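> this one's structure only:
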Ligand SMILES: O=P(O)(O)OC[C@H]1O[C@H](O)[C@H](O)[C@@H](O)[C@@H]1O
């Protein structure tokens, strides 16, 4: 195993430390003195246009960041990932989500198998299913077409599909609805399914492992509910054949564990596989996206995949100094490690992207929230970033106060599309243009602020001048696209996947395992008997846990 380079011991890191100490961030002066700045720090990547000029970036800093990427061998790691080397060391796996979007005529041999062929075989089967459901050819047990898809999955088997479903609403087939159940809180499955018609529902059980407690519990509840409903209404009898037929018509599965799918009772013909070289949070473009494929149709899905691939190509081939995921990843390192930025806001000025931040939380935090490097040695600097956000303009009326005038450095990504899906007007005004005025205004306000003299000039009384000053110099990146199309959604996801990868390489960590989620799961299984009344199990718990379970037991109705 190659030892990770310690980024903090590289000459570029020392150079960055020096540049940090010498830097006096002054966006007003930087832009006034350098008319070319906006242009010079803007770039196109596939169909995205990004303006990095309102970042703590000078030509020298950019060069030093690029040198850092070179000195940690980003190019080598990137090639290792694309080529299918087992860079997920703790699980001894390749990391090949990029193979999920390779075109049909490409080829990538990993362990003697052409993975591109495997990928397209599954895609083709997904497209057949999607067409059958969309056309009404696939019917439920009473011959009615499917109207509601319920995706049961959690984490990577939920957040990606939900986010894309919401993002591409304008591309969906009317009359066909997808719902998503993830939480094991019974409120989730109840609220999501209580009004569903068992004759016209299709459940997708999506789980990479097909062992996840939440998903398997919800899937069993869904199966029992379906069979009971159909039996109670006399549609099927209580024979194994009738039950199997009902499951065959109303359940499909997505998993890498096809044995477990069969054990659950789902027909192997209705199972869509993927591979252990796809991490859960990197799986939305595998069969995990099945609900989305059904919702938007195979043709649009191909555009999503083409978008992913276009960004992969950009990441793989563009010079570091012109490479959007590389530069954005390096900037995140710059803020995280040199400015102690504790969090990173993602603020889409696109209502359809309202689940994007939630999706990114898993992608970035599960990937890079690590304390050891890929050779098990401790990390040498702060890792991980807390990603969060809400769509603009909602955030403006909620938490922007802290970004504008608080004491924390919060780098923020602003995302917007030029053309709306619905061009509405109010009082002769183009409402989307008004919306985007806010997108443009916010990054300007954050960058350039408002001085005390400017506040005074507005006639503000002296006592509150300081409270009304905007210090400015708040770093932002603006990303624009012509529209939130299937292709652009693919590009945006791939952009952030690669940003996450770049950060992971600098920190020397394996961005593809997630051991940190295991302990809680294990303890929950040990604690479950104590909760349901086993006093010996209760006695084995710490006193705080005993106390809390005591409250639970005392108040249980
Ligand atoms: O798809 P599944 O195997 O059901 O896993 C669902 C999720 O649960 C796990 O605990 C991991 O933390 C996630 O990375 C994963 O996406």
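Nice, I can see it. Everything numeric here is computed off the predicted structure, so don't read it as measured data.
> can we go C-alpha only for contacts and neighbour counts from here?
OK.
> For the protein, what lies in contact range of the ligand?
Residues of the chain lying near the ligand by C-alpha under 6 Å from any ligand atom: 154-157, 207-210, 212, 280-281, 514, 517.
> distance of residue 226 from residue 146?
Going from residue 226 to residue 146 by C-alpha to C-alpha, to the nearest Å gives 14 Å.
> out of the two, which sits in the busier spot?
Between residue 226 and residue 146, residue 146 has the larger neighbour count (other C-alpha atoms under 10 Å), namely 26 against 22.
> And the pLDDT for that one?
The model reports residue 146 with a pLDDT of 98.
> Contact partners for it?
133, 136, 138-140, 176, 199-202 (C-alpha atoms under 8 Å, 6 or more residues apart in numbering).
> do residue 290 as well
Residue 290 touches 126, 161, 254, counting by C-alpha under 8 Å, 6+ apart.
> In a strand, residue 149, correct?
Yes. Residue 149 forms part of a strand when assessed by DSSP: H, G, I helix; E, B strand; the rest coil.
> where are the low-confidence patches of the protein?
Scanning the chain for pLDDT under 70 picks out the ranges 1.
> Tell me the residue of the stretch 51-200 of the chain that sits nearest the ligand?
Nearest to the ligand in the stretch 51-200 of the chain, going by C-alpha to the nearest ligand atom, is residue 156, at a distance of 3.5 Å.
> Check whether that residue really touches residue 286, as I assumed.
No. Between residue 156 and residue 286 there is no contact under C-alpha atoms under 8 Å: 10.9 Å.
> ok, these two, which is more surrounded?
residue 286 (25 against 22).
> contacting residues around that one?
Per C-alpha under 8 Å, 6+ apart, neighbours of residue 286: 100, 119, 274.
> Strands along the stretch 51-200 of the chain, start to end?
109-110, 113-114, 148-152, 177-181 (DSSP state E, counting those that start in this stretch).
> Show me the contact partners of the first one.
Strand 109-110 is contacted by residues 83-84, 115 when judged by C-alpha under 8 Å, 6+ apart.
> Please identify which of those residues is nearest to residue 325.
Using C-alpha to C-alpha, residue 83 comes nearest to residue 325 of the contacts of strand 109-110, at 18.7 Å.
> How many residues are close by the closest one?
Other residues lying near residue 83 total 17 when counted by other C-alpha under 10 Å.
> ditto for residue 353
Residue 353: 24 neighbours (other C-alpha under 10 Å).
> so how far is residue 163 from it?
Counting by C-alpha to C-alpha, the separation of residue 353 from residue 163 is 7 Å.
> Show me how this protein divides into domains.
Using automatic domain parsing, the domain parsing of the chain gives 12-92+311-507, 98-298, 515-555.
> can you tell which of the ones you listed is closest to residue 305?
For residue 305, the closest of the domains of the chain is domain 98-298, at 5.2 Å, according to C-alpha to C-alpha.
> Quick one: end-to-end distance for that closest one.
End to end - C-alpha to C-alpha - domain 98-298 spans 19 Å.
> In three-state terms, label residue 387 for me.
Of the three states, residue 387 takes strand under three-state DSSP.
> which residues does it contact?
Residues in contact with residue 387 (C-alpha under 8 Å, 6+ apart) are 343-346, 357, 360-361, 364-365.
> What sits closest to it if chain neighbours are left out?
residue 344 (4.9 Å; C-alpha to C-alpha, 6 or more residues apart in numbering).
> Quick check: the one you found is in a helix.
No. Going by three-state DSSP, the assignment for residue 344 is strand, not a helix.
> That one - how many residues pack around it?
Around residue 344 there are 20 residues (other C-alpha under 10 Å).
> Might one say that it is in contact with residue 385?
Yes. Counting by C-alpha under 8 Å, residue 385 is a contact partner of residue 344 at 6.5 Å.
> longest helix of this structure?
With secondary structure taken from DSSP state H, the chain has its longest helix at helix 290-317.
> Could you pull out the buried residues of it?
Neighbour-count burial for helix 290-317, counted by 16 or more other C-alpha atoms under 10 Å, picks out 290-298, 300-312, 314-316.
> What of stretch 36-53?
Neighbour counts over stretch 36-53 (16+ other C-alpha under 10 Å) mark 37, 41-53 as buried.
> Then stretch 176-193?
Applying a neighbour-count criterion of 16+ other C-alpha under 10 Å, one finds 176-178, 180-183, 189, 193 buried in stretch 176-193.
> and what of stretch 95-115?
95-103, 108, 115.
> Likewise for stretch 320-336?
Buried residues in stretch 320-336, counted by 16+ other C-alpha under 10 Å: 320, 322-336.
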